[in-house]
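>>> can you look at this prediction? I've put the sequence above it.
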2 protein chains.
Amino acid sequence: MARAGLTADRLTAAAADLADEVGFENVTLSALARRFGVKDASLYAHVRNLRDLRTRVAFLAGGEMIDRIAAAVAGRAGKDALAAFADAYREYALERPGRYAATQIRIDQNLVADSAALRRTAEITYGMLRAYGLEEPDLTDAVRLLRSTFHGYCALEASGGFGAPRDVRASWEQAVAALHVALEHWPRRDQKEKDA
Amino acid sequence: MARAGLTADRLTAAAADLADEVGFENVTLSALARRFGVKDASLYAHVRNLRDLRTRVAFLAGGEMIDRIAAAVAGRAGKDALAAFADAYREYALERPGRYAATQIRIDQNLVADSAALRRTAEITYGMLRAYGLEEPDLTDAVRLLRSTFHGYCALEASGGFGAPRDVRASWEQAVAALHVALEHWPRRDQKEKDA
DNA sequence: TGAGTAAACCTAGTGCCTCTAGGTTACAGC
DNA sequence: GCTGTAACCTAGAGGCACTAGGTTTACTCA
């Protein structure tokens, strides 16, 4: 009988699609094999195991996501860039929930080190923040704040955590505006005392 | 032979402990049964299924967490209250990672409606924000911002998402300080124009 | 063109998991 | 002590990840 033509890349792409349909944690090798009309044991020739497949999906999604964000941010600065970054982030997370979930898994530190997508993400994020005139360690603190809020918001929104009738997109815009304010009036260590 | 004395509550508590040890997603009914020296089929007399058990753990953890937060916030206001809330939140999430993960699962909307813990959480959160003089819908937006940042930060920290050498606790304190600034200079709709 | 070979894919099987149906046994209250 | 109701059991179906080892396809190159 004809071969299915499996490769690691085709499996990864199909797994990503499957994740968007049924949820990342419901992606199984069996279901993936079924989708290709193949026995599950056959997949192990292309992918080490489920963990390996998940990691591949994570890198695929991470790359796609930063491409979108980079395109959105290009040519913008300050509040404009922040809003573009934020919206591109959230749109990806909502549009491709399975892929987005993949980007949040714990990944082997060795693999993280030589990931072009992750380096690019860091570059673009730090670059976007340049307009606010922060220096280390505030810069890293600010990056962590943004990542946390963006991720937390998308995670809560995707899991139905926002029950109130208030429009979810409007709250998002307010949150981004609030982050912009926080970045502009970034609390310095010496300012902390007089605030209290 | 002697009975194990199973009840839904004992199972829930043991499942919560197990979750903190091996991770919430690795809690299985089989492992739980093993811990009680009992066959897994026996658990179904006390708990409907795995989903039911997970939900019970979620409510247990949610209650514990808001108790801690309420105690921390009691008698404080403004920035003090915010910091106390934030620290109690993060400490719980780091100390009891399995339980914390449980609080993030999607829960049947009917059960959500009559959960005392959730009502209490909402009360305390909104109460804490009263000092900032916000009104609806800004109040809800602010609550969503706080929840997002708190959850996102803890999720990223717990999953090893913060690679930079910068101290994770220091970044947290900066994030909370930045949120305080954002709440104090909350961007109103009419202010938005002149900001741009 | 046909033999050799590497890979793609398969069968068979283990062990862990959830969950159901239906049987036995300990224990509380009479 | 009897009895009924749990509490707990055995047995079993079906899904999943993963391994070992066999067969087949399709490509290369003489």
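Arrived safely, thanks for sending. Residues are numbered from 1 along each chain as shown, chains lettered A, B, ... in the order given.
>>> residues contacting the residue of chain A with the smallest separation from chain B?
For chain A, the residue closest to chain B is A:Gly152, as judged by CB to the nearest CB, at 2.6 Å. No exception for glycine: its C-beta is placed from N, CA and C like everyone else's. When the contact criterion is CB atoms under 8 Å, 6 or more residues apart in numbering or on different chains, the partners of A:Gly152 are B:147-153, B:155.
>>> what's the helix or strand for it?
Assignment of secondary structure by DSSP states H and E places A:Gly152 within helix A:138-158.
>>> what's the answer for A:Glu64, then?
Secondary structure (DSSP H and E) places A:Glu64 in helix A:50-73.
>>> what does that helix rub up against?
Under the criterion CB under 8 Å, 6+ apart, residues A:8, A:11-13, A:15-16, A:19, A:24, A:27-29, A:32, A:43, A:47, A:81, A:84-85, A:87-89, A:91-92, A:96, A:99-100, A:102-103, A:105, A:107-108, A:111, A:115-118, A:120-121, A:124, A:128 lie in contact with helix A:50-73.
>>> same question for stretch A:94-111.
Stretch A:94-111 is contacted from outside by A:16-25, A:27, A:54-55, A:57-62, A:64-65, A:92-93, A:151, A:154-155, A:157-158, B:155, B:159-161, B:163, using CB under 8 Å, 6+ apart.
>>> mark which of these are buried, thanks.
Among the contacts of stretch A:94-111, those scoring as buried are A:16-20, A:24, A:27, A:54-55, A:57-62, A:64-65, A:92-93, A:151, A:154-155, A:157-158, B:155, B:161 (criterion: 16 or more other CB atoms under 10 Å in any protein chain shown).
>>> okay, now the unreliable bits of chain A?
For chain A, applying pLDDT under 70 flags the ranges A:1-2, A:190-196.
>>> so how far is B:Val143 from the closest residue to A:Thr7 other than its chain neighbours?
In space, and not counting its chain neighbours, A:Thr7 is closest to A:His46: 6.2 Å by CB to CB, 6 or more residues apart in numbering or on different chains. When CB to CB, to the nearest Å is applied, the distance between A:His46 and B:Val143 equals 46 Å.
>>> neighbour count winner among those two?
Shown here are A:His46 and B:Val143; by other CB atoms under 10 Å in any protein chain shown, B:Val143 has more neighbours (21 against 16).
>>> near DNA strand D at all, stretch A:6-19?
No - shown here: stretch A:6-19 not in contact with DNA strand D (CB under 7 Å from any atom of the strand), separated by at least 10.2 Å.
>>> please state the offset of that stretch from the chain centre?
Stretch A:6-19 has its C-alpha centroid displaced from the chain centroid by 18 Å (CA atoms, centre = their mean, to the nearest Å).
>>> ok, and what's touching it?
By CB under 8 Å, 6+ apart, the residues outside stretch A:6-19 that reach it are A:26-27, A:31-32, A:35-36, A:38, A:42-43, A:45-47, A:53-54, A:56-57, A:60-61, A:96-99, A:101-102.
>>> swap the cut-off to 6 Å and go again
Outside of stretch A:6-19, the residues that reach it under the criterion CB atoms under 6 Å, 6 or more residues apart in numbering or on different chains are A:27, A:32, A:35, A:46-47, A:53, A:56-57, A:60, A:98-99.
>>> check stretch A:158-173 too.
Outside of stretch A:158-173, the residues that reach it under the criterion CB under 6 Å, 6+ apart are A:97, A:157, B:106, B:137, B:140-141, B:144.
>>> most widely separated two among these?
A:Pro97 and B:Pro137 (25.7 Å; CB to CB).
>>> how about the residues of chain A by DNA strand C?
Taking CB under 7 Å from any atom of the strand as the test, the list of chain A residues beside DNA strand C reads A:3-7, A:37-39, A:41-42, A:45-46.
>>> please tell me how far A:Leu129 sits from A:Glu21.
Here A:Leu129 is placed at a distance of 35 Å from A:Glu21 (CB to CB).
>>> same question, A:Glu64
16 Å.
>>> over to A:Arg35?
Counting by CB to CB, the gap between A:Arg35 and A:Glu21 amounts to 10 Å.
>>> around DNA strand D, pick out the residues from chain A.
Residues of chain A lying near DNA strand D (CB under 7 Å from any atom of the strand): A:1-3, A:28-31, A:40-41, A:44, A:49-51.
>>> quick one: buried ones out of these?
Buried subset of the residues of chain A next to DNA strand D (neighbour count, 16+ other CB under 10 Å): A:Leu29.
>>> got a markdown table for the residues of chain A next to DNA strand D, with secondary structure too?
Putting the residues of chain A next to DNA strand D into a markdown table (DSSP: H, G, I helix; E, B strand; the rest coil) gives the following:
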| residue | secondary structure |
| --- | --- |
| A:Met1 | coil |
| A:Ala2 | coil |
| A:Arg3 | coil |
| A:Thr28 | coil |
| A:Leu29 | helix |
| A:Ser30 | helix |
| A:Ala31 | helix |
| A:Asp40 | helix |
| A:Ala41 | helix |
| A:Tyr44 | helix |
| A:Asn49 | coil |
| A:Leu50 | helix |
| A:Arg51 | helix |
